[in-house]
Every structure is written in structure tokens, then in C-alpha cells.
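[1] here is the input, now give the coordinates:
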Amino acid sequence: MRAGSKALAQLEALFRRNGYTLKYIKGPFRGGACRLYENKLVVINAIYPPLGRLRALASVADQLGDKLEITPEEKELIQHWRL
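    Numbers count the residues shown, from 1 in each chain. Below is the predicted model of the structure:
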């Protein structure tokens, strides 16, 4: 397993567990979280390599803070990988 791939899977699961839809889309943007009508959405640039996706998800999770139910292990993961 590549470095960070387990962490990426954990963060993806964190967002899904908290009701967010993850989208990996190519484009000239950085990505982030938003509400689209009543849907919670996180968009990450598909051009990013796995490590970039991990860092972007950790950064979004850090910004959302108390809006997410986060375990202590996930909190450590976010602090380690955020941008």
C-alpha cells in the first residue's frame, strides 16, 4: 500500500460518514467544501496525485472543524496531513 493511501481512505470515509458527497473533478481550481442546495459536497481536483488529494481533504476537514464528527485518531490524521 502506498504511503498515505490508507490515510486517504480514512478521510474519504470520514466525509461520507458525515453525510458529504466526494467528487474528484478535473479543472483549474483548488477544491473545497460547499453546500449545494441541501447537499453537502466536497470537490477535489482530480489532477492532484493521491498525496495532494489527502492534503486537500485534511485541509477541508480542518476548516469544517466542529461541523464533523471526528474521532481522536482522525483528528491526529487531519493535523498531520493538512496544508
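[2] the chain: strands as residue ranges?
    For the chain, strands defined by DSSP state E occupy the ranges 20-25, 31-36, 39-45.
[3] list phi and psi for the closest residue to Glu69 other than its chain neighbours.
    In this structure, Glu69 finds its nearest non-sequential neighbour in Asn18, 5.9 Å apart by CB to CB, 6 or more residues apart in numbering. From N, CA and C alone the C-beta is placed, and that goes for glycine too. Per-residue torsions, Asn18: phi -90, psi 10 (degrees, to the nearest 10).
[4] one step back: ranking the strands of the chain by mean pLDDT, which is last?
    Among the strands of the chain, strand 31-36 carries the lowest mean pLDDT, at a mean of 71.
[5] residues of stretch 57-76 that come out buried?
    Of all the residues in stretch 57-76, those buried under the rule 16 or more other CB atoms under 10 Å are 57-62, 64, 68, 70, 74.
[6] and what of stretch 9-19?
    10-12, 14-15.
[7] now pLDDT too, for those residues, in CSV please.
    Listed next are the buried residues of stretch 9-19 as CSV, based on pLDDT from 0 to 100:
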residue, pLDDT
Gln10, 96
Leu11, 97
Glu12, 97
Leu14, 97
Phe15, 96
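[8] tell me the one of those nearest Tyr24?
    Using CB to CB, Glu12 comes nearest to Tyr24 of these, at 10.0 Å.
[9] so where's the chain uncertain?
    Scanning the chain for pLDDT under 70 picks out 1-3, 33-35.
[10] circling back to that earlier point, looking at it, the residue nearest to Glu69 is touching Leu68, isn't it?
    Yes: here Asn18 reaches Leu68: they are 4.9 Å apart, a contact under CB atoms under 8 Å.
[11] quick one on the thing from earlier: looking at the buried residues of stretch 57-76, which is nearest Pro50?
    Leu57 (10.5 Å).
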